[in-house]
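Return a 3D structure for these sequence lines:
(one chain, ligands or ions: 1)
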Amino acid sequence: MDKNSKIFIAGHRGMVGSAIHRRLSACGYTHVIVRTHKELDLTRQKDTEDFFDREKPACVFLAAARVGGILANSTYTADFIYQNIMIAANVVHASYKSGVKKLLNLGSTCIYPKLAPQPLKEESLLAGYLEPTNEAYAIAKISAIKLCRYYNEQYRTNFMSVMPTNLYGINDNYSLEGAHLLPAFIRKFHLAKLLRKNDLGAIKDDLRRRGAPAAFKGPADDVTGALACVGVTAESLTLWGSGTPYRELLYADDLAEACVFLMERYDAVRIGEFVNLGTGEDMQIRDIAGLVRDVVGFEGEVRWDASKPDGTPKKLADVSRVNALGWKARTALRDGIMLAYKDYLQ
Ligand SMILES: NC(=O)c1ccc[n+]([C@@H]2O[C@H](COP(=O)([O-])OP(=O)(O)OC[C@H]3O[C@@H](n4cnc5c(N)ncnc54)[C@H](OP(=O)(O)O)[C@@H]3O)[C@@H](O)[C@H]2O)c1
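Now for the predicted structure:
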């Protein structure tokens, strides 16, 4: 990849794609092409192939996907498996047909078996049963890894895959139903703080701009009713699960740095089938919630609803392979949460 290469970022408006875009601009890449989902639906094979034939990008970052937290993943299982398989199959095949020189496919550490030894090593892929709450998504992500691998083997392409751990950062998804752990915490703590201050105007504004809970069917001005649907009351905030599982969190701009670093210096042969990306450190969800609570400034009680699913008990990536290639995450969790909350408030 050189500074004038034509680079296509699939999913450039998402959290990961936009971070890769920022990183490429900061590194002096001048020829980046993008399309919104509306302009180019990557689940449509013909549209995808026509686009690649016309544009002939030299490099591709595949960051387009149907993504969501535990609730969305376990509710929209057909959408998650169908859309993610179609996007991966179409982009990988069109990249091969149009002569793309390098492709980097974004996967996720949810590809690993639920009870794989921790920290999760790349070798644990397909060594056991998946976590049921995100099996559909994981199967699609595993298919994408294998697509890259088998196109490399049969057609001598240079398609790499990376498996980031849980991400958070600028431009995250804060939907009350679809968000991942950290953005969901940021929004819920923020709303709970506003409710404690009785700042109903600010809550209304937040719900109008970022969406109210879909489960709430009451009148639009009943903000306390809307927030109660997602566990926010004037006295307390109730979060999903027991709070005891462990999670690792990587700041999206650190991830983007790793993606560009790997595209610049490595190829699929040296990376192998794929490489994990993470910080190599995890924390109990209760403690992560404590950090968000401090950064946001919520002073009420935090409760845990253990009747809701916890997901995988622990999910820590072994990052020794990528560390040995010369990359290490650098944003501390508290600093990253502060940056993400600042972005949320903007
Ligand atoms: N977020 C995480 O915690 C996390 C963790 C590990 C791995 N990852 C991986 O990172 C990648 C990106 O995730 P993200 O968090 O950045 O997701 P995101 O914020 O939801 O963004 C997804 C992007 O994909 C685009 N997209 C979705 N369906 C499309 C379609 N059919 N055709 C064209 N574009 C489509 C969307 O386009 P529009 O904006 O135009 O709608 C959006 O830009 C995914 O592969 C995900 O598995 C994410």
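
for the ligand, what are the nearby residues on the stretch 1-150 of the chain?
Counting by CB under 6 Å from any ligand atom, the stretch 1-150 of the chain comes close to the ligand at 11, 13-17, 36-37, 40-43, 63-67, 83, 87, 106, 108. Glycine gets a C-beta too; all of them are placed from N, C-alpha and C.

mind listing which of those residues are in helices?
Under the assignment DSSP state H, these contribute 15, 16, 17, 83, 87 to helices.

Select only the buried ones of those residues in PyMOL?
This is the PyMOL syntax for the buried subset of these, where burial follows 16 or more other CB atoms under 10 Å:
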select buried, resi 15+16+17+83+87
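
In CSV: the ones in helices among the residues of the stretch 1-150 of the chain next to the ligand, plus distance to residue 323 and pLDDT.
Listed next are those as CSV, based on distance: CB to CB, whole Å; pLDDT from 0 to 100:
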residue, distance to residue 323, pLDDT
15, 23, 96
16, 21, 98
17, 25, 98
83, 33, 98
87, 30, 98
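
what comes into contact with stretch 230-243?
Residues outside stretch 230-243 that contact it (CB atoms under 8 Å, 6 or more residues apart in numbering) are 70, 176, 185, 188-189, 191-192, 195-196, 198, 213, 224, 227, 284-286, 289, 298, 300-306, 308-311.

Can you give me the domain assignment for the chain?
For the chain, automatic domain parsing gives the domain ranges 7-171+248-281+315-333, 181-244+285-305.

coming back round to it: any of the residues of the stretch 1-150 of the chain next to the ligand buried? List them.
Burial by neighbour count, 16+ other CB under 10 Å: within these this picks out 11, 14-17, 40-43, 63-67, 83, 87, 106, 108.

which residues of the stretch 151-300 of the chain fall in helices?
Secondary structure of the stretch 151-300 of the chain (DSSP state H, counting those that start in this stretch): helices at 181-196, 200-210, 223-228, 252-265, 268-271, 285-296.

now those as a markdown table including mean neighbour count and mean pLDDT?
A markdown table is the format used below for the helices of the stretch 151-300 of the chain (neighbours: other CB atoms under 10 Å; pLDDT from 0 to 100):
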| stretch | mean neighbour count | mean pLDDT |
| --- | --- | --- |
| helix 181-196 | 23 | 95 |
| helix 200-210 | 15 | 93 |
| helix 223-228 | 20 | 90 |
| helix 252-265 | 22 | 98 |
| helix 268-271 | 16 | 92 |
| helix 285-296 | 19 | 98 |
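
and these as TSV, adding distance to the ligand?
Output for the helices of the stretch 151-300 of the chain, formatted as TSV (distance: least, CB to the nearest ligand atom, whole Å):
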stretch	distance to the ligand
helix 181-196	8
helix 200-210	14
helix 223-228	23
helix 252-265	7
helix 268-271	17
helix 285-296	13
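
of those helices, which approaches residue 132 most closely?
Closest to residue 132 of the helices of the stretch 151-300 of the chain is helix 181-196 (CB to CB; 17.8 Å).

now the angle from that closest one to helix 200-210?
Relative orientation of helix 181-196 versus helix 200-210 (axes from the mean of the first three to the mean of the last three CA atoms, to 10 degrees): 150 degrees.
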